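Participant: Prediction below, plus the sequence it came from.
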Amino acid sequence: MRAEAAELTTVTSIAPMLSVRQGTRAVEFYKAAFGAVEVFRIDAPDGAVVARLSVEGAEFWVADESPEHQNFSPATLGGSTTRMVVTVQDPDAMFARAVAAGAQAVVAVKEDYGWRLGRVVDPFGHHWEIGRPCPTCEPGAAILQDRGVALPDADDESLGRPIIRSRAASAAGRQSGGCRETSSRQTCTKRRSPGLARRRLLRA
């Protein structure tokens, strides 16, 4: 037993935790909208829930808000302080599934700035950008290439692997330099959110 425990390793990761009202209902929504499965869950006697969810290995947490611990939901704040970015092989299908489950379309799926991307807001106030890098998308792809922004290869198999991240978490990762330590700059560029590409385009 001790030998097995000694072999356990902890992989560094960053996963957003979404504060919501009606946590149990939120968990069921994310299952229906994104095909999430429960990895871990705690139900409190008062009905509150803390759940760790996975969408094909991409994880995030959901918990009932607790203002006494400075955890506020978008309903309390009047808006969200972060935006979730989901990278999937078929953004059109996931977008439609989320809307069918009760999300509201904010921006329809379209091709822009080297991405095929759409945006929804879930019933609990959290915004989700659903998309994938699209090297052939015009006119954004051509503009970004002219600006010197590297775009992913069309045959890159990693583009189809689900990735969930928050805008705030992505920014923290870039500032810490972790991406540069573990992979090449080209790989980092492949996983950047479309928001960064837009900001670089505006500064150019």
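Facilitator: That came through fine.
Participant: Run through who's touching the helix or strand encompassing Ser54.
Facilitator: According to DSSP states H and E, Ser54 maps onto strand 49-55. For strand 49-55, contacts defined as C-beta atoms under 8 Å, 6 or more residues apart in numbering pick out 15, 23-24, 27, 30-31, 34-44, 59-64, 86, 162, 164. Every C-beta, even on glycine, is put in place using the N, C-alpha and C of the backbone.
Participant: let's see 6 Å
Facilitator: 23-24, 27, 30, 34, 36-43, 60-63, 162 (C-beta atoms under 6 Å, 6 or more residues apart in numbering).
Participant: and the longest strand for this structure?
Facilitator: Ranked by residue count under DSSP state E, the longest strand found in the chain is strand 104-112.
Participant: For that strand, C-alpha coordinates in PDB please.
Facilitator: The C-alpha coordinates for strand 104-112 follow below in PDB (Å, rounded to 0.1, in the frame of the first residue of the first chain):
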ATOM      1  CA  GLN A 104     -29.600  31.500 -25.000                       C
ATOM      2  CA  ALA A 105     -27.700  32.200 -28.200                       C
ATOM      3  CA  VAL A 106     -25.700  35.400 -28.000                       C
ATOM      4  CA  VAL A 107     -23.600  35.200 -31.200                       C
ATOM      5  CA  ALA A 108     -24.400  32.600 -33.900                       C
ATOM      6  CA  VAL A 109     -21.600  30.200 -34.900                       C
ATOM      7  CA  LYS A 110     -19.600  31.900 -37.700                       C
ATOM      8  CA  GLU A 111     -16.100  32.000 -39.200                       C
ATOM      9  CA  ASP A 112     -14.000  34.900 -38.100                       C
END
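Participant: for the next helix or strand after it, what is the average pLDDT?
Facilitator: Of the helices and strands lying after strand 104-112 in sequence (DSSP H and E), the nearest is strand 115-121. Mean pLDDT, computed over strand 115-121, is 96.
Participant: So which bits of the longest strand of the chain are buried?
Facilitator: By neighbour count on 16 or more other C-beta atoms under 10 Å, the buried set for strand 104-112 is 109, 111-112.
Participant: Where does pLDDT dip in the protein?
Facilitator: Along the chain, segments meeting pLDDT under 70 span 1-6, 138-162, 165-204.
Participant: still on that earlier bit, just the buried residues out of the contacts of strand 49-55, in PyMOL syntax.
Facilitator: Burial among these is assessed by 16+ other C-beta under 10 Å; the matching PyMOL selection reads:
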select buried, resi 23+24+27+30+34+36+60+62+63+162
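Participant: So what's the residue count around the nearest residue to Ala103 once chain neighbours are set aside?
Facilitator: Once flanking residues are discounted, Ala103 sits nearest to Val120: 4.0 Å by C-beta to C-beta, 6 or more residues apart in numbering. Neighbours of Val120 under the rule other C-beta atoms under 10 Å: 25.
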